[in-house]
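Visitor: predicted coordinates and the sequence they were generated for:
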Amino acid sequence: MADQTVLVVIDVQNIMFETPDEIPFEGDRVLKTIESLIASARERNIPVHYIQHTTEEAGSEFEKDSHNWLFKPEIAPQNGDLVSFKSSYDAFWDTDFDANLKKLGAKKLVFCGLQTECCVDTTIRSALVHGYDNVLIGDAHTSYDNGVLTGEQIVGHHNQTLNRRFCQVVMARDFCFDE
């Protein structure tokens, strides 16, 4: 499985869509786009690797096995999918993510998920340092208004900033796993 492409789904967990007053920019559309990417990957036998933010403190926002912590049901992992638990913004730091990718023979990582300026951005930059070729699906990640920028501005800014420096940004309609 040398030069394997892997779809990486970052933090598409209940809390990211259900926190009062924290509405992800085009969250429903982004979720449907991610769902479509996952279906396309599975049809082509492309591995799907989920990243799940996890905290160990009882009662914390991302407490393991809590409702908040669970993946959105529409995109939940299936048998054969991999899941790595992380406690920082970087999915590579202190996790089994890189080891799992190496076992798969991964060369190219295709990213989607939440939160654009935190875990998505940090993990893409780290993936480059770890030697992977990266693609960010430009309309399959999202964030929230933060009082300075809107979620839409954050997504647009990161698509512009990350493209050609840390990854290739491609919109879902223009992306094909076979290329």
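Guide: Arrived safely, thanks for sending.
Visitor: quick check: which ranges of the chain have low pLDDT?
Guide: For the chain, the stretches with pLDDT under 70 are 1-2, 179.
Visitor: which stretches of it form helices?
Guide: Listed in chain order, the helices of the chain (DSSP state H) span 14-18, 27-43, 97-104, 121-129, 151-162.
Visitor: of all the ones you listed, which lies closest to T142?
Guide: helix 27-43 (4.5 Å; CB to CB). Just so you know, the C-beta spots here come from the backbone N, C-alpha and C atoms, and that holds for glycine as well.
Visitor: please point out which parts of stretch 13-21 sit buried.
Guide: Neighbour-count burial for stretch 13-21, with 16 or more other CB atoms under 10 Å as criterion, is recorded at 13, 15-17.
Visitor: actually stretch 41-56, not the one I typed
Guide: Buried residues in stretch 41-56, defined by neighbour count with 16+ other CB under 10 Å: 41, 46-55.
Visitor: and for stretch 114-129?
Guide: Buried, per 16+ other CB under 10 Å, within stretch 114-129: 114-127.
Visitor: so what's the gap between stretch 36-51 and the chain middle?
Guide: Centre-to-centre, stretch 36-51 and its host chain are 12 Å apart (CA atoms, centre = their mean, to the nearest Å).
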